[in-house]
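>>> Pasting a predicted model and its sequence here:
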Amino acid sequence: MVALGFLLLTAIASLTHVEAFDRASGGPERPPDSCLVTRAPVRPFIPPVPYSALPESPDRFWFGTEALWVMPKADGTWHGLHTENGYRDKLFLWRRGYDGRVEQKPAVTISAKRLDRPAPPYVVSRATNAYLPSGEWTMLTGLDIPTLGCWELTAQYRGTTLQWVVWVVE
């Protein structure tokens, strides 16, 4: 009985230590095995012409279909700028034929759901557009994810839904 009590106290102490570590340092940089972040598939999506076949950065990959795609980080992390609303980053979305001159405020919706524990609501700015130096139009929005952890992001635009999972770190 004493041994069982000791094991229980040791387990509680180590869980408390992990929680303190998560709050103090923002948690681990790498997602835990329980957070199945979206990674580049063996045969990655390649956008149609005239879009760039390769992402602008070697640490990113294209994810989605011609109807809607994004450019997440290859390691599955989301490094947002720390704000009063959480961790903010820009979210670029592409669709074959999207033209920001025609649709300046695209009707794209973004939602976010924390998968590893309850969390406060996220904040999404109204979508706009961006014209990239490569000559491509893209939809653009800002997303504030309120806490660190494992998050599923969902984008919806013109009947297409795209979901991916990220590990939010500082």
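Received the coordinates, thanks.

>>> make it CA atoms for all contacts and neighbour counts henceforth
OK.

>>> Would you mind giving the domain segments of this structure?
Here the domain parsing of the chain from automatic domain parsing is 1-30, 31-169.

>>> I'd like the ones you listed as TSV, with mean pLDDT and mean neighbour count appended.
Formatted as TSV, those follow (pLDDT from 0 to 100; neighbours: other C-alpha atoms under 10 Å):
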stretch	mean pLDDT	mean neighbour count
domain 1-30	41	12
domain 31-169	95	17
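
>>> what's near enough to touch residue 141?
For residue 141, the contacting residues are 90-92, 124-129, by C-alpha atoms under 8 Å, 6 or more residues apart in numbering.

>>> in what helix or strand does it lie?
strand 137-145 (DSSP states H and E).

>>> Kindly report the same for residue 35.
Using DSSP H and E, no helix or strand contains residue 35.

>>> Do you have the strands of this structure handy? List them.
63-65, 68-70, 77-79, 81-83, 86-93, 109-114, 123-124, 128-131, 137-145, 149-157, 160-169 (DSSP state E).

>>> Hmm, residue 62 is touching residue 70, no?
Yes - taking contacts as C-alpha atoms under 8 Å, residue 62 lies within contact range of residue 70: 5.9 Å.

>>> residue contacts, residue 50?
By C-alpha under 8 Å, 6+ apart, the contact set of residue 50 is residue 136.

>>> Now do the strand holding residue 141 and strand 160-169, the angle between them.
Strand 137-145 runs at 50 degrees relative to strand 160-169, counting by axes from the mean of the first three to the mean of the last three C-alpha atoms, to 10 degrees.

>>> quick one: strand 137-145 to chain centroid distance?
Here strand 137-145 is found 11 Å from its chain centre; the criterion is C-alpha atoms, centre = their mean, to the nearest Å.
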